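>>> What follows is a protein structure lacking sequence information:
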Ligand SMILES: O=C1C[C@@H](O)[C@H](O)[C@@H](O)C1=O
Ligand SMILES: [Co+2]
């Protein structure tokens, strides 16, 4: 049983990765979108290789697919809000033209996400003054997003200044709930804090976009022991799709439904597509959603 207010999507990151353009470069937009249809999803997020709105809209319409949103790396602390604003307007303009719902924002000042450094031991820690600049800046960007009919959803992320539950608490406490919402990413919070439920329950009212990312527990242990970077970790197979890792998504899904969540749940697993066949993994996640999450309570009891 599909829940009426929830859209299921799958991110292009299993096919191609914006941070490592050389992997999966053979996967075209048409190939990706057709795989998404085969796997039974309703849409996706915009990848760095996506074309201008007119071309994208045609490919989407041919397959009855929708766009949820697109990632935006902000450098509010490093560069100042002024220099971020014009790029953000451009992003919102694009998103409006492809009829998206959310603008995904992640502050990348001093991020080690793309660095060759142990991501399990290194992350930026913002000063009080930097937190204040960031939160004020996000309020402004969130207000801009609303003028395009979009919601700004903040993406907490490994190796960034907003990674742990404590970081997220602080960000949410000092931003305006009308303009700054939360993107809940199960994989990032689990790798960071070893727990994916506290964040969900604590901030359920601010969650307006969701990434269901699963984690291979043994691989996580290996990556930690070997002090791998973020990129080395995902190339080593840290992340996978729901149904293939250690996260039980039944409680997150039920919690969202019980709180009347309306919006996207996007499956997102960055893996090397030459090792993890993207369509095969998309189908694994679809099967898991259908058999473990969408099945009615009565059916489960039989
Ligand atoms: O939502 C995401 C977008 C990616 O660019 C990022 O690196 C990934 O980890 C993620 O969760
Ligand atoms: Co994510």
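Structure received. Not measured: the values here are computed from a predicted model. Ligands and ions are numbered 1, 2, ... in the order given.
>>> Distance from stretch 147-159 to the middle of the chain?
Here the centre of stretch 147-159 is set off from its chain's centre by 9 Å, with CA atoms, centre = their mean, to the nearest Å.
>>> quick one: average pLDDT of it?
This predicted structure assigns stretch 147-159 an average pLDDT of 98.
>>> Quick one: check it for contact with ligand 2.
No: no part of stretch 147-159 sits near ligand 2 under the criterion CB under 5 Å from the ion; the closest distance found is 5.7 Å. C-beta here means a position set from N, CA and C on the backbone, and glycine is covered the same way.
>>> For that stretch, which residues meet the burial criterion?
Of the residues in stretch 147-159, those scored as buried under the neighbour-count criterion (16 or more other CB atoms under 10 Å) are 148, 150-159.
>>> so where do the strands sit in the stretch 101-250 of the chain?
Taking DSSP state E, counting those that start in this stretch to define them, one finds strands in the stretch 101-250 of the chain at 102-107, 151-155, 180-185, 207-212, 214-215, 239-240.
>>> strands paired with the last one, and their directions?
Strand pairing for strand 239-240, determined by DSSP bridges: strand 214-215 (antiparallel).
>>> OK, contacts around the residue lying closest to residue 195 once chain neighbours are set aside?
The spatial neighbour of residue 195 that comes closest, neighbours along the chain excluded (CB to CB, 6 or more residues apart in numbering), is residue 189 at 7.2 Å. Each residue near residue 189 by CB atoms under 8 Å, 6 or more residues apart in numbering is listed here: 156, 165, 168, 195-196, 199.
>>> ok, back up a step: and which of the buried residues of stretch 147-159 is nearest to residue 100?
Residue 100 has its nearest neighbour among these in residue 150, at 6.6 Å by CB to CB.
>>> Quick check: that closest one touching residue 98?
No: in this structure, residue 150 is not within contact of residue 98 by CB atoms under 8 Å, at 10.9 Å.
>>> Let me know how buried residue 28 is, in neighbour terms.
Burial of residue 28, expressed as a neighbour count using other CB atoms under 10 Å, amounts to 12.
>>> Quick check: nearest residue in space to residue 63, chain neighbours excluded?
Nearest in space to residue 63, with sequence neighbours left out and distances taken as CB to CB, 6+ apart, is residue 37 at 4.9 Å.
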